[in-house]
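Peer 1: What follows is a predicted protein model with its sequence.
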Amino acid sequence: MGILIALIIIMAWTIHLIFSLIYLEVNFLDPFFYLNIFIQAYLFTGLFITAHDSMHGTLSKNKKLNKLTGQITAFLFACMSYNKLIRNHMNHHRYPGTENDPDFSYSSQNFFQWWGLFLWRYTTVLQIVLMGIIFNILIIWFNEINILMFWVLPAVLSTFQLFFFGTYLPHKRPHSKNMLPHNARTQKKNHLWAMLSCYFFGYHFEHHENPGIPWWKLYRAK
């Protein structure tokens, strides 16, 4: 089931991206233009959530297939290093909301400062180089403005979505007793909103309590 869902997300992301690059017109007065930006951003988020589940080994019992799928989706998301992702994410689960948590801003809870730190800790020089190479290949076939609006911008919006619903809201201080031992809070029960906001990762305490549950079953834990 995990691999099937991963394939659906990858295909949806690929088809919608190609459709947007070829057929969509950049028209800032057209609501359909903005809708497609947000759809692509949501599918970008799906890629990262798939890579995340791979890190927890929930995509497939076949370890090689599980890892390969995670590597592919991490690369499609933003040419990210799967090894760096898994190293940081495991430390996030070991030390949530503390100085040793690579996803946590211990010195400041300022939203934009924390978001910037979050991006900095996961960005590599190789990643930037690869993204630049891909961009310059894409402009051979597609309009630059379409690439910026439907590939670059949705990826940035996706990092915002992942950070806001999957890190900032769940882990920001103050930490209370009912957030222990994970220093994590959870969204109120609303499965539709939980899915639309961030693939059920607003149910964040439940994820930390049961990291072996794949994203599409987190609502059951709630």
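Peer 2: Yes, it's here. Numbers count the residues shown, from 1 in each chain.
Peer 1: in the strand or helix carrying Met195, what's buried?
Peer 2: If you go by DSSP states H and E, Met195 is part of helix 191-198. Neighbour counts using 16 or more other Cβ atoms under 10 Å place Ala194, Met195, Ser197, Cys198 of helix 191-198 among the buried residues. Backbone N, C-alpha and C define where each C-beta goes, glycine included.
Peer 1: residues in contact with the first one?
Peer 2: By that I understand Ala194. When contacts are counted by Cβ atoms under 8 Å, 6 or more residues apart in numbering, Ala194 touches Gln187, Phe200, Gly202, Tyr203, Leu218, Tyr219, Lys222.
Peer 1: The lengthiest helix in the chain - contacts with which helices or strands?
Peer 2: Under DSSP state H, the helix in the chain containing the largest number of residues is helix 31-55. Packed against helix 31-55 by the contact rule (3 or more Cβ pairs under 8 Å, 6 or more residues apart in numbering; DSSP states H and E) you find helix 2-23, helix 63-78, helix 82-94, helix 153-163.
Peer 1: Could you save the ones you listed as TSV and add columns showing distance to Leu117 and mean neighbour count?
Peer 2: Listed next are the helices and strands packed on helix 31-55 as TSV, based on distance: least, Cβ to Cβ, whole Å; neighbours: other Cβ atoms under 10 Å:
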stretch	distance to Leu117	mean neighbour count
helix 2-23	27	16
helix 63-78	17	19
helix 82-94	12	16
helix 153-163	10	19
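Peer 1: Just send the ones you listed back as TSV, with mean pLDDT and distance to Ile49 too.
Peer 2: Listed next are the helices and strands packed on helix 31-55 as TSV, based on pLDDT from 0 to 100; distance: least, Cβ to Cβ, whole Å:
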stretch	mean pLDDT	distance to Ile49
helix 2-23	97	8
helix 63-78	97	9
helix 82-94	94	12
helix 153-163	96	8
